[in-house]
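> What would the 3D arrangement of this be:
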Amino acid sequence: MVQGGTNRTSGIRVQGIGLANIGKIESVFYRTFTFYLVPSSNFHAAREATLRAARELFSAGGVEETTVRAGCDAVGVR
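Residues are numbered from 1 along each chain as shown. Predicted coordinates:
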């Protein structure tokens, strides 16, 4: 999500947000892990929680949410 690239298996390309913005992705994941995930969370729940955190911290449809969505799609987390 930071660096970007194309997943070799899915072929989905992710436009990274760049190393200068690594703090944004870190804060999305921190919020996800500390507020939304529980021991019984599965990958789908993690995807939804991460998207929710990106929307709450930044904006719906913003580059952060778009990047998280593309990253999840690229690795097959639905």
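> Need the single longest helix in the chain, by residues.
Longest helix in the chain by number of residues (criterion: DSSP state H): helix 43-57.
> Go ahead and measure how far stretch 60-78 is from the middle of the chain.
On the basis of C-alpha atoms, centre = their mean, to the nearest Å, stretch 60-78 sits 5 Å off its chain's mean C-alpha point.
> which of the residues in that stretch are buried?
Buried residues in stretch 60-78, defined by neighbour count with 16 or more other C-beta atoms under 10 Å: 64-65, 67-72, 74. All C-beta atoms are positioned from the backbone trio N, CA, C, and that covers glycine.
> wait, which of those residues is closest to residue 23?
residue 64 (10.9 Å; C-beta to C-beta).
> Which elements pack onto the helix or strand hosting the closest one?
Per DSSP states H and E, residue 64 falls inside helix 63-75. In terms of contacts (3 or more C-beta pairs under 8 Å, 6 or more residues apart in numbering; DSSP states H and E), helix 63-75 is packed against strand 13-14, helix 22-31, helix 43-57.
> Arrange these in a markdown table, one row each, with mean neighbour count, distance to residue 37 and mean pLDDT as further columns.
As requested, the helices and strands packed on helix 63-75 are exported to a markdown table (neighbours: other C-beta atoms under 10 Å; distance: least, C-beta to C-beta, whole Å; pLDDT from 0 to 100):
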| stretch | mean neighbour count | distance to residue 37 | mean pLDDT |
| --- | --- | --- | --- |
| strand 13-14 | 17 | 22 | 96 |
| helix 22-31 | 16 | 10 | 98 |
| helix 43-57 | 18 | 6 | 98 |
